[in-house]
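**Student:** sequence and predicted model, in that order:
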Amino acid sequence: MKMEKMSRGLFLSLILIFGATSSLAVAGNETVTVTDAWVRAVPPVAANSAAYFKLTNSGEKMVELMSVTSPIARVVELHQVLHKDGLSTMKPVKSVSVPAKSEFKFEPAGYHVMLIDLQKTLKEGEKVPLRFSLKGGASFLVEADVKFSQEAEGGGHEHHHHH
Amino acid sequence: MTFQYSIISSDVHPVKDSQFGLKNFALVAGLLLSCLFAAIGTAKELPVFNKLGGEFTLTSHTGQPVSLSQFKGKVVLVNFGYTSCPDICPMVLARLTQLERLLGEDAEQLQVLFISFDPERDSQQQLNSYLQYFSSNFIGLTGSEKELAAVARQFGAIFVKQESDSASGPLFSHSDFIYLLDKQGKVRGLFSNQDTIQVIKEKILTVMD
């Protein structure tokens, strides 16, 4: 699609300018930014891991994150963790909508991108590519940092997503 | 100190015991009261959760039978999880690793026990390699489904295997408390993911020398 090519081209030039810490995509008039993307470093024998980030929609229209893919995992799914009756339950979700002028955090014990059947060992300090695809066909690449844990994980981390 | 805890219907619980719901409810109600008390009271001493815990024997990540009583004289942190878990379990283990570092020399008085409720996928070898990554001091334990259900019941821990659409295979709904046991093996605290490791450290120190 023409739009997708445009957004990729624009993205590629932006990543050259801004480096790998954040990324931008332009889908129509919407501007989507992914920041603070990180993947949890897990033991080499771990089958799965998770990716977290902040998705900001500074555009005028709602955007919908349809999928994330990565060569580091055989399958990648969007998951939500529900907390009910003292139990935490992971549930795959088909997509995540982010309204205009708002942000959405994927964070531990909240929403996460589940990286299933890891194809390589995730080492702290490395970067791994994540490709985000939005409804409408736009997609863009984000480099996520591999980290042992989130700074805030010492506890008392925020829980924004009460549905 | 706040946490929510209530009981799911017994038909989805792996333990087939019709009494379980009621017993556990009473237990949890007691727990909540104790926590309230602990929060209101000015005493620094942690409460004793008499109805939780107790002796158990499971198989370690090296294939040895391991009993809780072997750790008399050590402060024990017990956590339930499974190694295929992508989010909560590695987060809790990362927190326990940070906690061990934060305790410094006092960590010599500490023993972390990670109990896997997924014996199907978590072999001794898998548990061993998985835990080594976090800390060579952590001990992984697992057992038969029956043994694990019994230990979980002792601690009021819950795990329910979920068949989901996920390509990852079975996922578990589970409680994720860290249980603090004093040097006599008595349960003295439950920590949720909302408790900072600094707070947990302070509480651990009250039951150390």
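**Tutor:** Received it, and whenever you're ready, just let me know what you need. These figures come from a predicted structure and were not determined experimentally.
**Student:** all the strands of the chain, residue numbers only.
**Tutor:** Just so you know, I chose chain A. Shown for chain A, the strands assigned by DSSP state E span residues A:23-27, A:30-40, A:48-57, A:63-69, A:73-84, A:87-93, A:96-98, A:102-106, A:111-118, A:127-134, A:139-147.
**Student:** um, chain B though
**Tutor:** Remark: strands assigned in chain B by DSSP E are B:57-60, B:65-67, B:75-81, B:110-116, B:139-142, B:159-162, B:171-174, B:178-181, B:187-191.
**Student:** format those strands as a markdown table; extra columns: distance to chain A, mean pLDDT and mean neighbour count.
**Tutor:** Using the backbone N, CA and C atoms, a C-beta is placed for each residue, glycine as well. As requested, the strands of chain B are exported to a markdown table (distance: least, C-beta to the nearest C-beta, whole Å; pLDDT from 0 to 100; neighbours: other C-beta atoms under 10 Å in any protein chain shown):
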| stretch | distance to chain A | mean pLDDT | mean neighbour count |
| --- | --- | --- | --- |
| strand B:57-60 | 17 | 97 | 18 |
| strand B:65-67 | 21 | 97 | 14 |
| strand B:75-81 | 10 | 98 | 23 |
| strand B:110-116 | 12 | 98 | 23 |
| strand B:139-142 | 11 | 97 | 24 |
| strand B:159-162 | 7 | 92 | 18 |
| strand B:171-174 | 4 | 94 | 24 |
| strand B:178-181 | 11 | 98 | 22 |
| strand B:187-191 | 8 | 97 | 24 |
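**Student:** looking at the ones you listed, which is closest to residue A:147?
**Tutor:** strand B:75-81 (19.7 Å; C-beta to C-beta).
**Student:** follow-up on the earlier one: just so I know, which of the strands of chain B lies nearest residue A:63?
**Tutor:** Comparing these by C-beta to C-beta, strand B:171-174 comes nearest, at 27.7 Å.
**Student:** can I get the strands of chain B in a markdown table with distance to residue A:105?
**Tutor:** Formatted as a markdown table, those follow (distance: least, C-beta to C-beta, whole Å):
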| stretch | distance to residue A:105 |
| --- | --- |
| strand B:57-60 | 37 |
| strand B:65-67 | 40 |
| strand B:75-81 | 23 |
| strand B:110-116 | 28 |
| strand B:139-142 | 32 |
| strand B:159-162 | 24 |
| strand B:171-174 | 22 |
| strand B:178-181 | 24 |
| strand B:187-191 | 23 |
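**Student:** what's the pLDDT at residue 89?
**Tutor:** You didn't pick a chain, so chain A it is. On the pLDDT scale, residue A:89 is placed at 93.
**Student:** let me rephrase: I mean chain B.
**Tutor:** Residue B:89 is assigned 95 on the pLDDT scale.
**Student:** still on that earlier bit, can I get the strands of chain A in CSV with mean neighbour count and distance to chain B?
**Tutor:** CSV is the format used below for these (neighbours: other C-beta atoms under 10 Å in any protein chain shown; distance: least, C-beta to the nearest C-beta, whole Å):
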stretch, mean neighbour count, distance to chain B
strand A:23-27, 21, 23
strand A:30-40, 20, 6
strand A:48-57, 23, 4
strand A:63-69, 20, 13
strand A:73-84, 18, 4
strand A:87-93, 17, 4
strand A:96-98, 16, 16
strand A:102-106, 18, 10
strand A:111-118, 23, 5
strand A:127-134, 19, 14
strand A:139-147, 21, 9
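**Student:** mean pLDDT lowest where, among the ones you listed?
**Tutor:** Of all the strands of chain A, mean pLDDT reaches its minimum on strand A:23-27 (a mean of 49).
**Student:** how about residue A:147, what does it touch?
**Tutor:** A:38, A:39, A:40, A:41, A:124 (C-beta atoms under 8 Å, 6 or more residues apart in numbering or on different chains).
**Student:** let's have these in JSON lines, adding distance to residue B:65.
**Tutor:** Output for those, formatted as JSON lines (distance: C-beta to C-beta, whole Å):
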{"residue": "A:38", "distance to residue B:65": "39"}
{"residue": "A:39", "distance to residue B:65": "37"}
{"residue": "A:40", "distance to residue B:65": "32"}
{"residue": "A:41", "distance to residue B:65": "32"}
{"residue": "A:124", "distance to residue B:65": "35"}
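**Student:** low pLDDT regions in chain B?
**Tutor:** In the predicted model of chain B, residues B:1-43 satisfy pLDDT under 70.
**Student:** give me the phi and psi for the spatially most distant residue from the centre of it.
**Tutor:** Residue farthest from the centre of chain B, counting by C-alpha atoms, centre = their mean, is residue B:165 at 27.7 Å. Backbone torsions of residue B:165, given as degrees, to the nearest 10, read phi -80, psi -10.
**Student:** leaving out chain neighbours, which residue sits closest to it?
**Tutor:** residue A:92 (5.4 Å; C-beta to C-beta, 6 or more residues apart in numbering or on different chains).
**Student:** likewise for residue B:183?
**Tutor:** Closest to residue B:183 by C-beta to C-beta, 6+ apart is residue B:73, at 5.3 Å.
**Student:** what is the burial count for the one you found?
**Tutor:** 11 (other C-beta atoms under 10 Å in any protein chain shown).
**Student:** now do the same contact list for the residue lying closest to residue B:142 once chain neighbours are set aside.
**Tutor:** Counting by C-beta to C-beta, 6+ apart, residue B:142 lies nearest to residue B:116, which is 4.4 Å off, once chain neighbours are set aside. Contacts for residue B:116 (C-beta under 8 Å, 6+ apart) come out as B:80, B:81, B:82, B:83, B:122, B:127, B:140, B:141, B:142.
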